[in-house]
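Enquirer: Got a sequence here, can you model it:
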Amino acid sequence: MIYINDMQPRKSLPKTAIPRIYFIDQEIAAGRYPNAPSLAKKYETSLSSINRDIAYMRDMLGAPIEYDFFKKGFYYTESTFRLPAAYATADDLLALGMAINLMELYKDTPIHEAALNLLESISTPLQTEKKTNWFKDRIVIPKITPVKMDADVWNSIVNGLKENRIITFNYQSNEKQNAQEASFHERRVHPYQLLFDKNVWYLFAYDEDKKQMRIFALSRIADITLTEKKFTIPRDFDYRSQQGASYFGIFYGIKTYKFIIEIKGDSRWIQERTWADDQKIKIIKGEKRGEVSGIELSFTSNQIDKVLDFIMSLTPIAKPLAPKELVARWEERIKEAAKNVSF
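Expert: Predicted coordinates for the structure are as follows:
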């Protein structure tokens, strides 16, 4: 048996290592003769972790693992051997099953098939008569509007992120014109992060031409090129440090406002959610004793555009009270909407 650096086996198995040892079991049982470096690369973990896992499988779980010097990989001396599912708890199985279900959110991305195959290869050997995938039809991810993207766009961006390389592409602007006539503009950016919001993937990047951070929808990117030119990522690159402490999606502005929104009627679902870290809810009393006519929701945020969208989605029961910039924009939006109504 070969262990790199003569790594000592584990005396106990961390909970986080359970899916990994079933992955190793799957690879060896399939007759692929994997070695420690190939397993570490495929599972995206450290070489030392793989070596400790293999040692634990052999010495503590009784796995008949040997190393074939000609094929340069591990194999089971007993071809029918598989790790028993007893080492996985019900919670482990449920977590794996839910992870597989959640992959539906990524169905139209290039990573979907590879990630789904990996998760299923881990979960398959865990299934027994007592531990079935009962949750498949009982814990459901409802379908949401799919947004497809080009695999070349995704792969170029991922490589740009990994290697800090500048990318160029043509981007369809969001100008107020016919969607089919919307123009494309060339962009040269430093890719910082991929963002996921409401089933759409976005790129958070520094735009060299605009000389500021911008957010680009991947579905609107065309003619992408991964250049050989590299960039230095700044310390304050993280999107999460820019967004602020409110939760209305990924888009944000420069200025922070104090928002006050009046919401009439049944607002329980509003009160059940956290819209911002500093949110406060004031109950508006009705005319009758004990009656509640609504609430005032107040918080600070730099997401004025998305807060306006939120209020419009609650029409006619919601209206902004502050700041004045939001009130003016809301009134303008209401007037525009009224023009589309025929009486």
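
Enquirer: Report all helices and strands that the longest helix anywhere in the chain contacts.
Expert: Under DSSP state H, the helix in the chain containing the largest number of residues is helix 324-338. Applying 3 or more Cβ pairs under 8 Å, 6 or more residues apart in numbering; DSSP states H and E, we find helix 324-338 packed against strand 257-264, helix 304-313, strand 318-322. The way it works is simple: take the backbone N, C-alpha and C, and place the C-beta from them, glycine included.

Enquirer: what about 7 Å?
Expert: helix 304-313, strand 318-322 (3 or more Cβ pairs under 7 Å, 6 or more residues apart in numbering; DSSP states H and E).

Enquirer: okay, these in TSV with mean neighbour count and distance to residue 81 next?
Expert: Shown next, in TSV, are the helices and strands packed on helix 324-338 (neighbours: other Cβ atoms under 10 Å; distance: least, Cβ to Cβ, whole Å):
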stretch	mean neighbour count	distance to residue 81
helix 304-313	17	55
strand 318-322	17	62
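
Enquirer: could you dump the ones you listed to TSV with distance to residue 163 and mean pLDDT?
Expert: Output for the helices and strands packed on helix 324-338, formatted as TSV (distance: least, Cβ to Cβ, whole Å; pLDDT from 0 to 100):
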stretch	distance to residue 163	mean pLDDT
helix 304-313	32	95
strand 318-322	45	96
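
Enquirer: got JSON lines for the ones you listed, with distance to residue 239 too?
Expert: As requested, the helices and strands packed on helix 324-338 are arranged in JSON lines below (distance: least, Cβ to Cβ, whole Å):
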{"stretch": "helix 304-313", "distance to residue 239": "15"}
{"stretch": "strand 318-322", "distance to residue 239": "26"}
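
Enquirer: Any idea which of these gets closest to residue 240?
Expert: Closest of the helices and strands packed on helix 324-338 to residue 240 is helix 304-313, at 16.1 Å (criterion: Cβ to Cβ).

Enquirer: Mind listing residues that contact that closest one?
Expert: With Cβ atoms under 7 Å, 6 or more residues apart in numbering as the test, helix 304-313 has contacts from 248-249, 251, 253, 257, 259, 261, 301, 318, 320, 325-326, 329-330, 333.

Enquirer: quick one, that helix and strand 318-322 angle?
Expert: With axes from the mean of the first three to the mean of the last three Cα atoms, to 10 degrees applied, the angle from helix 304-313 to strand 318-322 works out at 140 degrees.

Enquirer: and helix 304-313, C-alpha only, in PDB?
Expert: C-alpha atoms of helix 304-313 as PDB (Å, rounded to 0.1, in the frame of the first residue of the first chain):
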ATOM      1  CA  ILE A 304     -33.000  52.300  -4.100                       C
ATOM      2  CA  ASP A 305     -33.800  50.800  -7.500                       C
ATOM      3  CA  LYS A 306     -34.600  47.400  -6.000                       C
ATOM      4  CA  VAL A 307     -36.600  48.900  -3.100                       C
ATOM      5  CA  LEU A 308     -38.700  50.800  -5.700                       C
ATOM      6  CA  ASP A 309     -39.300  47.500  -7.500                       C
ATOM      7  CA  PHE A 310     -40.300  45.900  -4.200                       C
ATOM      8  CA  ILE A 311     -42.900  48.600  -3.400                       C
ATOM      9  CA  MET A 312     -44.300  48.400  -7.000                       C
ATOM     10  CA  SER A 313     -44.800  44.600  -6.500                       C
END
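
Enquirer: Could you pull out the buried residues of stretch 154-166?
Expert: Neighbour counts using 16 or more other Cβ atoms under 10 Å place 154, 156, 157, 160, 161, 165, 166 of stretch 154-166 among the buried residues.

Enquirer: Am I right that the last one is in a helix?
Expert: No - checked against DSSP: H, G, I helix; E, B strand; the rest coil, residue 166 lies outside a helix; its state is strand.

Enquirer: show me what contacts residue 242?
Expert: With contact set as Cβ under 7 Å, 6+ apart, residue 242 has these partners: 213, 252.

Enquirer: Buried residues, the helix or strand hosting it. List them.
Expert: Taking DSSP states H and E as the definition, one finds residue 242 inside helix 240-243. Across helix 240-243, burial judged by 16+ other Cβ under 10 Å covers residue 243.

Enquirer: Could you do stretch 272-286 as well?
Expert: Result for stretch 272-286 [16+ other Cβ under 10 Å]: buried residues 275, 276, 279.
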